[in-house]
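A.B. asks: Show me the folded form of this:
(one chain, ligands or ions: 2)
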Amino acid sequence: MSDLDIQQTDDGNLPVQKITWKMTLKKICCIGAGYVGGPSCAVIASKCPAIQVTVVDLSEERIKQWNSDHLPLYEPGLDDVVKSCRGRNLTFSTDIDTAIQEADLIFICVNTPTKNFGIGKGRAADLKYIEAAARRIADVSKSSKIVVEKSTVPVKAAQSISNILQANVKPGVKYQVLSNPEFLAEGTAVNDVLDPDRVLIGGEKNSLGKEAIEALCWIYEHWIPREKIIVMNTWSSELSKLAANAFLAQRISSINAISAICEATGADVSEVANAIGTDSRIGSKFLKASVGFGGSCFQKDVLNLVYLCECLNLPEAAAYWQQVVDINDYQRQRFANRVVESLFNTVTDKNITILGFAFKKDTGDTRESAAIYLSKYLMDEEARLRIYDPKVEKSQILRELTHPCISEDPSRVSKLVTIHQDPYEAAEGSHALIVCTEWDEFKTLDYHKIYQKMLKPAFIFDGRIILDHEALIEIGFHVETIGKRLSRKPVHRSIAPSTQ
Ligand SMILES: NC(=O)C1=CN([C@@H]2O[C@H](COP(=O)(O)OP(=O)(O)OC[C@H]3O[C@@H](n4cnc5c(N)ncnc54)[C@H](O)[C@@H]3O)[C@@H](O)[C@H]2O)C=CC1
Ligand SMILES: O=C(O)[C@H]1O[C@H](OP(=O)(O)OP(=O)(O)OC[C@H]2O[C@@H](n3ccc(=O)[nH]c3=O)[C@H](O)[C@@H]2O)[C@H](O)[C@@H](O)[C@@H]1O
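C.D. replies: Numbers count the residues shown, from 1 in each chain. Ligands and ions are numbered 1, 2, ... in the order given. Sure thing, here's the model as predicted:
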């Protein structure tokens, strides 16, 4: 790689400085030790032993956990990766300024939640954490840096980062801002970073931009074939991330809309998904009908896209993407209504077991989980909820349910909700059991034992289409699932004396 003389492309105010990013790149800093920063930088450290990686965060608690045997998030394979390089070339720290000063390249992996106030409330991304990170970099940097935007952001956010950096630049310091959105999914994060479908890098087309892009490519090339690294302009890269999540979410809403038709007609959504998914132009992934998508990003990013369309005066495009979120709301509400209707139109004071609170299996993350909304709808009907999840802490479930958007009166939660460490205990004395998360262990529970523990008629609502419905009906359960009408034994046959 050739050296680059900054003065050739600069305005002449800066001293002559040779930058050879790729050759000098020895230290990386990651701002934000969350679901993205932690796993992605742990993999970088493990694959690039010659590079010192420091992951920093404002949260002392989170950093303490990253430095402990109990990592702040559950992710298959993550413990091993972290243990293999922590203390070697991977450090977790709250000393943000030192990590920034020493770094040649900085990943910004801070949260970009939906704004819940002011202009764009409920749709626009709140960029205050991104701006704070950029200002911190500008304040403390004494040497040139490549700044990589990994958080998901609206189009042109890199321009704002660049503006903040350039407006506060110190003599002799030079910045290049790149977009490098992350595509990992929770529950498979380590594998997704180790073996991604592609890596996207957006940057400027001038020589400094190309140099910075090359440096970032060089990091990924330690384990990812070059042909999987796609380079494009910054705005395409930022928009591609929003578009990818919108397309994925749109597939789920599309199949969920079909599931409603199936329930009304007698078609089976799994058969329909299989039939359309075998068309290679459509593909089989992300066609699993469910109680609704959750997670911190799909809704946030689709709404972000809606807001972008509105700001660009594209109301028809905005309305199109808004429907993806609306159908998701509809699916969750529809499922809750079905529970109430099936339980003879009242769930008041009835015990309902919720199996699974995480937004998907193999993660302890509950952000925007369908289980939260289902719980809310059922609590609004004064149902008593008995919740079990293998990986979500009790305090986390209670925090979600007592959030002001879910419960106006948090004391209602302590009255109506109990959290259990065991699925059989959670099923004790219940009128109904609802599967909200597709944890593998729910497929192999002893449903004979569960049936014995429940009040009769015993209802199961499979919100993930993962159980053996025929076997459950044979046991005596009344079974309801998404996108399929199940034939069942007459109710009088399923009424067996309770053992309670
Ligand atoms: N969670 C996921 O699976 C994925 C998330 N993303 C995107 O990545 C970004 C981060 O997401 P998560 O890791 O899930 O968020 P997170 O909330 O788990 O982590 C963000 C961390 O940044 C820290 N932070 C915020 N401002 C800071 C600052 N100025 N200095 C130091 N630390 C600061 C917070 O304390 C927090 O620990 C978001 O934009 C998200 O949309 C992208 C792909 C996957
Ligand atoms: O930007 C992000 O945050 C990430 O969002 C998603 O990843 P994630 O939300 O972790 O998990 P997914 O596997 O996409 O599942 C999202 C939700 O959709 C649901 N889902 C998924 C697939 C499906 O067929 N049906 C369905 O209901 C899941 O149960 C879950 O609630 C994307 O898959 C990642 O590529 C992206 O990087």
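A.B. asks: now for the longest helix seen in the chain, which elements pack on it?
C.D. replies: Using DSSP state H to define each element, the chain has its longest helix at helix 234-265. Other elements packing on helix 234-265 under the criterion 3 or more C-beta pairs under 8 Å, 6 or more residues apart in numbering; DSSP states H and E are helix 157-167, strand 175-179, strand 199-202, helix 269-277, helix 298-311, helix 315-342. For glycine as for every other residue, the C-beta is placed from the backbone atoms N, C-alpha and C.
A.B. asks: so what does the last one touch, helix or strand wise?
C.D. replies: Right, helix 315-342. Counting contacts by 3+ C-beta pairs under 8 Å, 6+ apart, helix 315-342 is packed against helix 234-265, helix 298-311, helix 370-380, strand 432-435, strand 459-462, strand 478-481.
A.B. asks: Comparing the ones you listed, which comes out most buried?
C.D. replies: Mean neighbours per residue, mean count of other C-beta atoms under 10 Å, is largest over these for strand 432-435, with a mean of 27.
A.B. asks: can you list the residues that contact the helix or strand just after it?
C.D. replies: Under the assignment DSSP states H and E, the closest C-terminal helix or strand after strand 432-435 is helix 447-453. Under the criterion C-beta atoms under 8 Å, 6 or more residues apart in numbering, residues 423-424, 427-430, 433, 458, 467, 471-472, 475-477, 499-500 lie in contact with helix 447-453.
A.B. asks: can we see that at 10 Å?
C.D. replies: 353, 355, 423-430, 433, 446, 454, 458, 460, 467-468, 471-472, 474-477, 494, 496, 498-500 (C-beta atoms under 10 Å, 6 or more residues apart in numbering).
A.B. asks: average pLDDT across that helix?
C.D. replies: Averaging pLDDT along helix 447-453 yields 98.
A.B. asks: mind checking how far that helix is from the chain centre?
C.D. replies: Chain-centre distance of helix 447-453: 34 Å, with C-alpha atoms, centre = their mean, to the nearest Å.
A.B. asks: In it, which residues are buried?
C.D. replies: Using 16 or more other C-beta atoms under 10 Å as the test for burial, helix 447-453 gives 447, 450, 451, 452, 453.
A.B. asks: Ok, stretch 404-422 next?
C.D. replies: Within stretch 404-422, the residues scored as buried using 16+ other C-beta under 10 Å are 406, 407, 412, 413, 416, 417, 419, 420.
A.B. asks: Next: stretch 187-201.
C.D. replies: 187, 188, 189, 190, 191, 192, 193, 194, 196, 199, 200, 201.
A.B. asks: Just the closest of those to residue 481, please.
C.D. replies: Here the nearest of the buried residues of stretch 187-201 to residue 481, counting by C-beta to C-beta, is residue 187; it sits at 22.2 Å.
A.B. asks: Leaving out sequence neighbours, find the closest residue to the closest one.
C.D. replies: In space, and not counting its chain neighbours, residue 187 is closest to residue 362: 3.4 Å by C-beta to C-beta, 6 or more residues apart in numbering.
A.B. asks: Any figure for the gap between the one you found and residue 72?
C.D. replies: To residue 72, residue 362 is 16 Å away according to C-beta to C-beta, to the nearest Å.
A.B. asks: Residue 331 is in contact with residue 293, isn't it?
C.D. replies: Yes. Residue 331 is in contact with residue 293 according to C-beta atoms under 10 Å; the separation is 8.7 Å.
A.B. asks: For residue 495, give me the pLDDT.
C.D. replies: We have a pLDDT of 44 for residue 495.
A.B. asks: quick one: buried residues of stretch 33-53?
C.D. replies: Buried residues in stretch 33-53, counted by 16+ other C-beta under 10 Å: 33-48, 51-53.
A.B. asks: Quick one: residues contacting the residue nearest to residue 187.
C.D. replies: Residue 362 touches 74-76, 185-189, 390-391, 437-440, counting by C-beta under 10 Å, 6+ apart.
A.B. asks: where are the low-confidence patches of the chain?
C.D. replies: For the chain, the stretches flagged by pLDDT under 70 are 1-23, 488-500.
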